[in-house]
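Asker: Okay, here's the prediction I keep looking at, along with the sequence it came from:
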Amino acid sequence: MHPDPSPADAGAVSVVVIGHDDAAHVADAVRSALGQGPAVREVVAVDDCSTDGSAELLERLAAAEPRLRVVGLPVNSGGCGTPRNTGLDAAAAPYVMFLDSDDVLPPGAVDALLATARETDAQVTGGLCVRRELPSGREVPWEPALYASPAVVARPADRPRLVRDTLSVNKLYATDFLRAHGIRFPDGRFPYEDMVFTARVWAAAPRVALVPDRVYVWHVRRAAPRLSISLDRTGVGNWRARTHACRTAHAILLDAGEKGLARAVRAKFLDHDLRMYVRELPLRDDAYRRAWWAHTRAHLAEYDAADRSGDPAAPGMLLARVLLASPEPR
């Protein structure tokens, strides 16, 4: 339970909502942010050069809501990073958080995060995200063990499991902290930009607070005409983009002297990313499997003995051994 927000918390948070050609959902996202109450000073809606009327819809909403500001990008950026960076540059409140146009913030999310950030003097405050499958409504918590109970972490190295939560959207950030460390998303077309952004956050060694409250609802629409990047895994280019993001996150933490966190990134890759894509290999054709196999072997060849020193019977470790031992898919 969290106390009612104090008057001092009024206007403390900017919520950056990003979207492209998502007129069907963006209004719900914006309303969920505005509905958080007086703690939200502004909602900065960044439209990434939509052609489906999203920008006009947002402008109509802004005409009736003084807390809503609309920023339009003149050229589509091709990814999520540039519009989020644009919103971050425009944010005027002491704290900022990010929201995608096809998701929503549940009631009380901002108050829960903000109250804890104030109480603990945390520069980053994270809460539970749930993946809601639509249309069934089935919900699956994301990294529930990390958010099982309230916690304050003096620095990320004290809780290596933090690297498993690669989402940027279920967290409240001190705006000055992000700006002082130059923490931004990769610009342009860069799939899995969250992995790189969160690695930059952890590399800056913030004080982190965790709350068990539900603070973000990630909508999963597998039947959508245009799948999200995380769901559109039919081409091997998606896997190459994911391994590139993982490699970049590892390098960021290693360069920051966070060797333990860098190793945790590789352990997470074996335990989560590798296993997820291996499960889908039977669904792919022979050309995909051969390209995937060759690329994954090259990626795993970068790992050293310490990276593979975990439980040898763990599924990810076994898969890595099979891949490295066989030049052909099996």
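Answerer: Noted; the coordinates are in hand. Here the structure is a predicted model, which is why all the values come from computation and not from measurement.

Asker: Tell me where the stretch 51-200 of the chain has helices.
Answerer: Assigned by DSSP state H, counting those that start in this stretch, the helices in the stretch 51-200 of the chain fall at 54-64, 81-90, 109-120, 175-180, 193-203.

Asker: so what does the first one touch, helix or strand wise?
Answerer: If you count contacts as 3 or more C-beta pairs under 8 Å, 6 or more residues apart in numbering; DSSP states H and E, helix 54-64 packs onto helix 26-34, strand 40-47, strand 68-72. Heads up, the C-betas are built off the backbone N, CA and C, glycines and all.

Asker: right, so these: which one is the most enclosed?
Answerer: Among the helices and strands packed on helix 54-64, the stretch with the highest mean neighbour count (mean count of other C-beta atoms under 10 Å) is strand 40-47, at a mean of 25.

Asker: Pairing partners for it, with directions?
Answerer: Its sheet considered, strand 40-47 pairs with strand 13-19 (parallel), strand 68-72 (parallel) by DSSP bridges.

Asker: can you pull the contacts of residue 252?
Answerer: Applying C-beta atoms under 8 Å, 6 or more residues apart in numbering, we find residue 252 in contact with 196, 199, 200, 203.

Asker: Grab the nearest non-local neighbour of residue 151.
Answerer: If you skip the residues right next to it in sequence, residue 151 has residue 210 as its closest partner in space, 4.5 Å away by C-beta to C-beta, 6 or more residues apart in numbering.

Asker: buried stuff in the helix or strand hosting that neighbour?
Answerer: Secondary-structure assignment from DSSP states H and E places residue 210 in strand 208-220. Residues 208, 209, 210, 211, 213, 214, 215, 216, 217, 218, 219, 220 are the ones in strand 208-220 that count as buried (16 or more other C-beta atoms under 10 Å).

Asker: Export the helix or strand following that strand to PDB, keeping only CA atoms.
Answerer: Once the chain leaves strand 208-220, the next helix or strand it forms, by DSSP H and E, is helix 236-255. Provided in PDB are the C-alpha atoms of helix 236-255 (Å, rounded to 0.1, in the frame of the first residue of the first chain):
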ATOM      1  CA  VAL A 236      16.200 -14.400 -39.500                       C
ATOM      2  CA  GLY A 237      16.900 -10.600 -39.500                       C
ATOM      3  CA  ASN A 238      14.900 -10.300 -36.300                       C
ATOM      4  CA  TRP A 239      17.200 -12.800 -34.600                       C
ATOM      5  CA  ARG A 240      20.300 -10.900 -35.900                       C
ATOM      6  CA  ALA A 241      18.800  -7.700 -34.500                       C
ATOM      7  CA  ARG A 242      18.200  -9.300 -31.100                       C
ATOM      8  CA  THR A 243      21.700 -10.700 -30.800                       C
ATOM      9  CA  HIS A 244      23.100  -7.300 -31.900                       C
ATOM     10  CA  ALA A 245      21.100  -5.600 -29.100                       C
ATOM     11  CA  CYS A 246      22.300  -8.200 -26.600                       C
ATOM     12  CA  ARG A 247      25.900  -7.800 -27.700                       C
ATOM     13  CA  THR A 248      25.600  -4.000 -27.500                       C
ATOM     14  CA  ALA A 249      24.200  -4.200 -23.900                       C
ATOM     15  CA  HIS A 250      27.000  -6.500 -22.900                       C
ATOM     16  CA  ALA A 251      29.600  -4.100 -24.300                       C
ATOM     17  CA  ILE A 252      28.000  -1.100 -22.500                       C
ATOM     18  CA  LEU A 253      28.200  -2.800 -19.100                       C
ATOM     19  CA  LEU A 254      31.700  -4.200 -19.700                       C
ATOM     20  CA  ASP A 255      32.900  -0.700 -20.700                       C
END
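
Asker: ok, now which ones touch the most centrally placed residue in the chain?
Answerer: Closest to where the C-alpha atoms of the chain average out (C-alpha atoms, centre = their mean) is residue 167, at 2.3 Å. Taking C-beta under 8 Å, 6+ apart, we find residue 167 in contact with 129, 142, 194, 198, 216, 218.

Asker: Now for these: which two are most distant?
Answerer: 198 and 218 (15.0 Å; C-beta to C-beta).

Asker: Next up, phi/psi of the residue nearest to the centre of the chain, please.
Answerer: phi -80, psi 140 (degrees, to the nearest 10).

Asker: Can you get me the start-to-end distance on stretch 30-47?
Answerer: Stretch 30-47 has an end-to-end distance of 12 Å (C-alpha to C-alpha, to the nearest Å).

Asker: Determine how far it lies from the middle of the whole chain.
Answerer: How far stretch 30-47 lies from its chain's middle: 19 Å, per C-alpha atoms, centre = their mean, to the nearest Å.

Asker: and that stretch, average pLDDT?
Answerer: Averaged across stretch 30-47, the pLDDT comes to 98.

Asker: what about residue 25, neighbour count?
Answerer: Residues near residue 25, counting by other C-beta atoms under 10 Å, number 18.
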